[in-house]
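Participant: Any chance you could fold what I've pasted below:
(one chain, ligands or ions: 2)
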Amino acid sequence: MKIIILESLTKKFNGFTAVDNVSFTVKEGEVFGFLGPNGAGKTTTISMLATLLGPTLGEAHVNGFNIKTQKDDVRKSIGIIFQDPSLDEELTAYENMDFHGRLYHIKKDIREKRIKELLKLVELDERKNDLVKKFSGGMRRRLEIARGLLHEPKVLFLDEPTLGLDPQTRNHIWEYIQKLNKEKKITVMITTHYMEEADKLCDRVAIIDKGKIIALDTPKNLKDGIGGDLITVETPDAESLCPLVQEFSWFKSSNQHDGFVTFNVMDAEKHIAGIADLSCQNNIEIKSINVHKPTLEDVFLHFTGRTIREEEAGSVEHMRMMHKARRRR
Ligand SMILES: Nc1ncnc2c1ncn2[C@@H]1O[C@H](COP(=O)(O)OP(=O)(O)O)[C@@H](O)[C@H]1O
Ligand SMILES: [Mg+2]
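Facilitator: Ligands and ions are numbered 1, 2, ... in the order given. Purely as a prediction, here's the structure:
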């Protein structure tokens, strides 16, 4: 069964198209990754699916309900965990859960039972009476996940749930997400720009860039779609190197990005020496050469001509500024 269906979903803000004619479906039981750089339109899409934002054009259904005309039914079907933390710091873990349960009118005895079970699931049962302000970033995220599950949703939306967490905690959070996907059979749609995580953990991924879906498939198919291996050369003179390498019969395609050029070739290890010799003969400086199998980052590069890291470089700076501004307040 297709539990999420988007048909030409579009959102414009004052003429600017943030989500541009997006159509895809998510199958029941999937962990579906929604990937893309900052500003690609991920949060806007999730917000429309969660009925928090009305679409400008297009349709979507979640758990069989129309996001425009059956908002209440959609809301009962979903749990949502947003990028920005939304816990009450001055309440305990248990109180945060209980408050949410009351909002959803879950009866007291059922509420108590579920809170207990969910706090156990995210390994916070022993900290249930501690104030959230004492919790680490990872603990807060776990509590938010538990809270998002309290009304037993069919679909869980997670918007960058591991943003800003250290790699170990990120792994931990993913373990919980996988566990509840398996044990509770919840369909998960998760946005992230950590391509490696998505690669390991998602059944399928859609890559969005500038509001448009540029690729959608299993991580394996997307990577295999690039074919061959990749040789990334760090050089200040990619302009000279590219046309020379293009002459080789084993050359498939190339992408220049920020002081690097990536060549897509067959049997890469056989051709490194060829590239090095060619550079030497033509006085082209090479700082480093690296050979690897395609990753989802390469898929993004392949379709956009840009690396997602270049995109993120700008946004990390932006986030630091936002963080500083918040602390000043
Ligand atoms: N309320 C809004 N008003 C105007 N522009 C917005 C609004 N929300 C998002 N945008 C713009 O829409 C684009 C997509 O934003 P968003 O969905 O938050 O991207 P992502 O979550 O992928 O980082 C960005 O260019 C953003 O600046
Ligand atoms: Mg976002």
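Participant: number of nearby residues for Leu57?
Facilitator: If you count neighbours by other C-beta atoms under 10 Å, Leu57 ends up with 14. Using the backbone N, CA and C atoms, a C-beta is placed for each residue, glycine as well.
Participant: What distance do you get for it to Lys133?
Facilitator: 43 Å (C-beta to C-beta, to the nearest Å).
Participant: for the protein, which residue is closest to the average position?
Facilitator: When C-alpha atoms, centre = their mean is applied to the chain, the residue found nearest the centroid is Thr192 (1.8 Å).
Participant: quick one: contacts for that one?
Facilitator: Residues counted as contacts of Thr192 (C-beta atoms under 8 Å, 6 or more residues apart in numbering) are Gly33, Phe34, Leu35, Glu160, Pro161, Thr162, Leu163, Ala198.
Participant: In PyMOL, how would I select the buried members of these?
Facilitator: Those of these that count as buried under 16 or more other C-beta atoms under 10 Å are selected in PyMOL with:
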select buried, resi 33+34+35+160+161+162+163+198
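Participant: Which members of the contacts of Thr192 occur in helices, if any?
Facilitator: Among the contacts of Thr192, the members falling in helices (DSSP state H) are Ala198.
Participant: circling back: quick one, grab the pLDDT at the residue nearest to the centre of the chain.
Facilitator: pLDDT for Thr192: 87.
Participant: Ser288 versus the closest residue to Gly259 other than its chain neighbours, what's the distance?
Facilitator: Nearest non-adjacent residue to Gly259, counting by C-beta to C-beta, 6 or more residues apart in numbering: Glu234, 6.2 Å away. Distance from Glu234 to Ser288, counting by C-beta to C-beta: 4 Å.
Participant: who has more neighbours, those two?
Facilitator: Per other C-beta under 10 Å, whichever of Glu234 and Ser288 has more neighbours is Glu234, with 15 against 9.
Participant: surely the more buried one meets Glu285?
Facilitator: No: applying C-beta atoms under 8 Å as the test, Glu234 and Glu285 come out as separate, 9.4 Å apart.
Participant: can you map out the strands along the chain?
Facilitator: 2-13, 16-27, 31-35, 57-62, 65-66, 78-81, 155-159, 187-192, 204-209, 212-217, 229-234, 251-257, 260-265, 288-292 (DSSP state E).
Participant: Distance to ligand 1 added to the ones you listed, as TSV?
Facilitator: Shown next, in TSV, are these (distance: least, C-beta to the nearest ligand atom, whole Å):
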stretch	distance to ligand 1
strand 2-13	3
strand 16-27	3
strand 31-35	9
strand 57-62	15
strand 65-66	22
strand 78-81	14
strand 155-159	7
strand 187-192	7
strand 204-209	7
strand 212-217	12
strand 229-234	26
strand 251-257	20
strand 260-265	24
strand 288-292	26
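Participant: Return the member of these having the minimum mean pLDDT.
Facilitator: Looking at the strands of the chain, the bottom one is strand 251-257 with a mean of 87.
Participant: rewinding a little: let me have the strands of the chain in CSV, extended by distance to Arg127.
Facilitator: Listed next are the strands of the chain as CSV, based on distance: least, C-beta to C-beta, whole Å:
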stretch, distance to Arg127
strand 2-13, 33
strand 16-27, 33
strand 31-35, 27
strand 57-62, 33
strand 65-66, 36
strand 78-81, 19
strand 155-159, 22
strand 187-192, 25
strand 204-209, 34
strand 212-217, 39
strand 229-234, 45
strand 251-257, 45
strand 260-265, 45
strand 288-292, 41
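Participant: Can you tell me which of those strands is nearest to Lys42?
Facilitator: Checking these against Lys42 by C-beta to C-beta gives strand 187-192 as the closest, at 4.1 Å.
Participant: hmm, that closest one touching ligand 2?
Facilitator: No: shown here: strand 187-192 not in contact with ligand 2 (C-beta under 5 Å from the ion), separated by at least 6.4 Å.
Participant: what angle separates that strand from strand 155-159?
Facilitator: 10 degrees (axes from the mean of the first three to the mean of the last three C-alpha atoms, to 10 degrees).
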